[in-house]
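S.K.: Need coordinates for the below:
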Amino acid sequence: MRYMFTIFVDEAARESATEAETQETGVAYGAYTQEVQEKGILVAGEGLQPAATGTTVRVRDGESEVTDGPFAETKEQVAGFYVLECKDLDEALEWAAKIPGAKDGAIEVRPAIEVEQPSGAATS
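M.R.: Below you'll find the model as predicted:
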């Protein structure tokens, strides 16, 4: 089953980190990514630019509303994500605990909706 691991961090803490701390975090994420690649369970993963670079789109009464910035003002922002193929929630939680952001942020783990492809449908 595929699980989405959403990484939440305090961007203010990330922005105030020293160069050494930033490099250490980068090395830790590189090692984690390499490990899940080698295990063959990595489906996708990316770090994200700060929340202030985001744009939020809402459609109300058929009209698009576009707002610069994050969806909501919160202490922690989405910093990145992984999608991993895990046998069950227990395994997913083990992998979540290894994500470097879990040490000072939070990792939300959610199973993906499994959609069956119609027979004969092309898959990507």
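S.K.: from here on, contacts and neighbour counts on C-alpha atoms
M.R.: OK.
S.K.: Pull stretch 47-54 out as CSV, backbone CA atoms only.
M.R.: Output in CSV follows, covering the C-alpha atoms of stretch 47-54 (Å, rounded to 0.1, in the frame of the first residue of the first chain):
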residue,chain,number,x,y,z
GLY,A,47,11.4,19.1,-0.7
LEU,A,48,9.3,22.3,-1.1
GLN,A,49,10.1,26.0,-1.2
PRO,A,50,8.9,28.0,1.8
ALA,A,51,5.1,28.4,2.3
ALA,A,52,5.3,32.1,1.3
THR,A,53,6.1,31.0,-2.3
GLY,A,54,2.8,29.1,-2.5
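S.K.: pLDDT averaged over it - what is it?
M.R.: Here stretch 47-54 scores 90 as its mean pLDDT.
S.K.: Next, the buried residues of it.
M.R.: Neighbour-count burial for stretch 47-54 flags Pro50, Ala51 (criterion: 16 or more other C-alpha atoms under 10 Å).
S.K.: which element is the closest residue to Ala96 other than its chain neighbours on?
M.R.: Leaving out its chain neighbours, the residue that sits closest to Ala96 by C-alpha to C-alpha, 6 or more residues apart in numbering is Ile107, at 6.4 Å. In the assignment (DSSP states H and E), Ile107 maps to strand 106-111.
S.K.: all strands of this structure, in order?
M.R.: 2-9, 42-47, 55-60, 63-68, 77-85, 106-111 (DSSP state E).
S.K.: contacting residues around the residue nearest to Ala96?
M.R.: Phe5, Thr6, Ile7, Phe8, Ala96, Ala97, Ile99, Gly101 (C-alpha atoms under 8 Å, 6 or more residues apart in numbering).
S.K.: With distance to Tyr29 added, can I get the strands of the chain in JSON lines?
M.R.: Rendered in JSON lines, the data for these read as follows (distance: least, C-alpha to C-alpha, whole Å):
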{"stretch": "strand 2-9", "distance to Tyr29": "12"}
{"stretch": "strand 42-47", "distance to Tyr29": "10"}
{"stretch": "strand 55-60", "distance to Tyr29": "26"}
{"stretch": "strand 63-68", "distance to Tyr29": "28"}
{"stretch": "strand 77-85", "distance to Tyr29": "11"}
{"stretch": "strand 106-111", "distance to Tyr29": "14"}
